[in-house]
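In: fold the stuff below for me.
(one chain, ligands or ions: 1)
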Amino acid sequence: TIFSNQVAASKAVARRIADLILARQQTGEQAVLGLATGVTPIQVYQELVRLHLEEGLSFKNVVTFNLDEYYPMQPDAEQSYVSFMNKHLFDHIDIDKANVHIPDGALSREKVEAFCLAYEQKISAYKGLDIQLLGIGRTGHIGFNEPGSAPNSGTRLVTLNDLTRSDASRDFGGKENVPTKAITMGVGTIFKAREIILMAWNAKKASIIKKAVEGEISADVPATFLQLSDNVEFILDTGAASEL
Ligand code: GLP
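Out: Numbering: from 1, shown residues only. Sure, this is the predicted structure:
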């Protein structure tokens, strides 16, 4: 779906999330959201905060799982995805923090594997994610599933691509400070979501969007695996869609 601008697109995505939450409230169930970081989803989160503050949308029945976290990363560090999510969403809504799940970048190395397995099991215990939000990196990564990621990959520790670390360098005051690794949900984890929404804005994402949508399906561009899913929608502005 191509919107004329990212504000309208973000509001439409937020509305879909709000409608899911409201539908689940009617039946007394929880809504399970897979959330993404990066600049792309910020306006979705702003709109969800607005719906909470101005229209009384409650997040008490919402459970969240974030896609990824840098490794190593202390949760209270400014660049952590924990800080990002608190700043843009969780600090402004009535979600129960016990329902918030973000990969733990502060674990010692020998504990990471068991953590990743438990993360998968927790998602399964909630019967999977209702909606998974995604951005896309310039390497074609979704979450931090860099080129070479397998379509059936699960939550795991990965090595970040050089281009990804360059793109993150501004947040860290230099590429040398960007962690070399991350914990990410796998492509297979993302695929289990009942609905996947990939968002991209601006012409700088146009060429990777073209590859993801129209390119050959290949681990060289992990987002191409989304072509294999019936439950995925790309939500783009005219800039990101300009090479399609
Ligand atoms: C990071 C995140 C991804 C995100 C990507 C794009 O690498 N781990 O989940 O999709 O950045 O970021 P942005 O939305 O800032 O372009």
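In: so which residues on the protein come close to the ligand?
Out: Contact residues (Cβ under 6 Å from any ligand atom) of the chain with the ligand: 36-40, 67-68, 135-137, 143-144, 164. C-betas here are computed from N, CA, C, even on glycine.
In: redo the residues you listed as CSV? Include pLDDT.
Out: Listed next are the residues of the chain next to the ligand as CSV, based on pLDDT from 0 to 100:
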residue, pLDDT
36, 98
37, 98
38, 96
39, 96
40, 98
67, 98
68, 98
135, 98
136, 98
137, 94
143, 97
144, 97
164, 94
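In: what about stretch 124-138, how long is it end to end?
Out: Taking Cα to Cα, to the nearest Å, stretch 124-138 runs 30 Å from one end to the other.
In: start the count at 55, not 1, going forward
Out: OK, 55 is where the count begins now, so the last one is stretch 178-192.
In: could you check how far the closest residue in space to residue 242 that isn't next to it in sequence is from residue 193?
Out: Leaving aside its sequence neighbours, residue 242 sits nearest to residue 206 (Cβ to Cβ, 6 or more residues apart in numbering; 4.3 Å). Using Cβ to Cβ, to the nearest Å, residue 206 is found at 20 Å from residue 193.
In: so residue 88 belongs to a helix, correct?
Out: No. Per DSSP: H, G, I helix; E, B strand; the rest coil, residue 88 lies outside any helix segment and is strand.
In: residue 149 contacts residue 118, doesn't it?
Out: Yes. Between residue 149 and residue 118 there is a contact at 7.2 Å, judged by Cβ atoms under 8 Å.
In: spit out the contact partners of the residue nearest in space to the middle of the chain.
Out: When Cα atoms, centre = their mean is applied to the chain, the residue found nearest the centroid is residue 90 (2.2 Å). The contact partners of residue 90, by Cβ atoms under 8 Å, 6 or more residues apart in numbering, come to 120-121, 187-189, 197.
In: beta-bridge partners for the nearest residue to it once chain neighbours are set aside, please?
Out: Spatial nearest neighbour of residue 90, excluding adjacent residues (Cβ to Cβ, 6+ apart): residue 187 at 4.6 Å. As for beta bridges, residue 187 partners with residue 251 under DSSP bridges.
In: quick one on the thing from earlier: and residue 206 and residue 193? which has more neighbours close in?
Out: A count of neighbours by other Cβ atoms under 10 Å puts residue 193 above the other of residue 206 and residue 193, at 20 against 11.
In: state the pLDDT value of residue 181.
Out: pLDDT recorded at residue 181 is 89.
In: tell me which element it falls in.
Out: Assessed by DSSP states H and E, residue 181 sits outside every helix and strand.
In: now it: how far from residue 297?
Out: Distance of residue 181 to residue 297, computed by Cβ to Cβ: 38 Å.
In: who has more neighbours out of these two?
Out: With neighbours defined as other Cβ under 10 Å, residue 181 and residue 297 compare such that residue 297 has more, 15 against 12.
In: hmm, back to that, which of the residues of the chain next to the ligand are buried?
Out: For those, a neighbour count by 16 or more other Cβ atoms under 10 Å gives the buried set as 90-92, 94, 121-122, 189-191, 197-198, 218.
In: in CSV, list the residues you listed along with secondary structure.
Out: What follows is these, written out as CSV (three-state DSSP):
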residue, secondary structure
90, coil
91, coil
92, coil
94, coil
121, coil
122, strand
189, coil
190, coil
191, coil
197, coil
198, coil
218, helix
